[in-house]
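Q: Would you be able to build a 3D model of this:
(one chain, ligands or ions: 2)
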Amino acid sequence: MSQLHIVNHPLVQHKLTIMRNKKTGTKDFRELLMEIGMLMGYELTSDLPLSPIEIETPICKMTACEISGKKLAVVPILRAGLGMCDGILKLLPVAKVGHIGMYRDEKTHEPVFYYCKMPEDIQQRMVIITDPMLATGGSAIAAITKIKEYGCTNIRLMCLVAAPEGVRKVQAAHPDVDIFVAALDDHLNENAYIVPGLGDAGDRIFGTK
Ligand code: PRP
Ligand code: URA
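A: Ligands and ions are numbered 1, 2, ... in the order given. Below is the predicted model:
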């Protein structure tokens, strides 16, 4: 069963509070999202397996450890997912990046797919999908389905703020995918926006409204 991990680290919670404030401008919003992406990336990768490696320090030989097994890929859901992707890439600079383009139809709130480009060996990688907002769950479900079509079996979803309805839908559709969030909010409003939320993440990152 899919696990919901809420990253309660004080730094994450403090930065999220600033992001939620409607007075916070585009520059600060974007920087904070990048920083939270990095902090959440630290949590999300805390169980990566290590294997021993023989090295030599300036003093002596030793058995040290390195990350073993499959490599990683980060897949932001455009547009807003880009904001979290940059933070993870600071931690994992050799990770490959795929992109999924999707926007929510304003009336139906259903995701409309418009772009997909994945690394060639994506099926051999652990995939971290990034999208700050998990509202109805429609976009995340469609993105995970798309990535599974490439043969990926190890997928994690990283969001900033989630609505309970969306979490339940993603977990029902993809029980093998763990979800990492900084906050589980109260509910969705009549426009399928997260309450209290932080508004439209894409517009706040890119200054389009
Ligand atoms: C937002 C957000 C998610 C989606 C969440 O994207 O970044 O992708 O809505 O909603 P859902 O869970 O109900 O599917 P949006 O459609 O605003 O596109 P944008 O990132 O291009 O602004
Ligand atoms: N997309 C957003 O950007 N914000 C919400 O609250 C819901 C969907």
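
Q: Which positions in stretch 39-54 come out as buried?
A: Neighbour-count burial for stretch 39-54, counted by 16 or more other C-beta atoms under 10 Å, picks out 39, 40, 41, 43, 44, 45. All C-beta atoms are positioned from the backbone trio N, CA, C, and that covers glycine.

Q: got it, and stretch 168-175?
A: 169, 170, 171, 173, 174.

Q: Pull up the gap between residue 165 and ligand 1, please.
A: Distance of residue 165 to ligand 1, given as C-beta to the nearest ligand atom, to the nearest Å: 9 Å.

Q: Let me know the helix or strand that that residue is in.
A: Using DSSP states H and E, residue 165 sits within helix 164-173.

Q: hang on, the earlier thing: can you add secondary structure and distance to ligand 1 and give the buried residues of stretch 39-54 back as a markdown table?
A: Compiled in a markdown table, these are given as follows (DSSP: H, G, I helix; E, B strand; the rest coil; distance: C-beta to the nearest ligand atom, whole Å):
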| residue | secondary structure | distance to ligand 1 |
| --- | --- | --- |
| 39 | helix | 19 |
| 40 | helix | 16 |
| 41 | helix | 18 |
| 43 | helix | 21 |
| 44 | helix | 18 |
| 45 | coil | 22 |
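
Q: mind listing what residue 37 touches?
A: Residues near residue 37 by C-beta atoms under 8 Å, 6 or more residues apart in numbering: 83, 84, 85, 86, 87, 88, 130, 158.

Q: can you do 10 Å?
A: 44, 74, 76, 81-91, 128, 130, 132, 158, 160 (C-beta atoms under 10 Å, 6 or more residues apart in numbering).

Q: Please apply the same query to residue 195.
A: Residue 195 touches 163, 185, 186, 187, 188, 189, counting by C-beta under 10 Å, 6+ apart.

Q: got a list of what the fifth one touches?
A: Neighbour list for residue 188: 109, 135, 136, 163, 164, 165, 166, 194, 195, 197 [criterion: C-beta under 10 Å, 6+ apart].

Q: Residue 86: neighbour count?
A: Residues lying near residue 86 (other C-beta atoms under 10 Å) number 18.

Q: Could you list every helix and strand that whatever helix or strand it lives in packs against?
A: According to DSSP H and E, residue 86 maps onto helix 82-91. Applying 3 or more C-beta pairs under 10 Å, 6 or more residues apart in numbering; DSSP states H and E, one finds that helix 82-91 contacts helix 26-44, strand 72-78, strand 96-97, strand 126-130, strand 155-158, helix 201-206.
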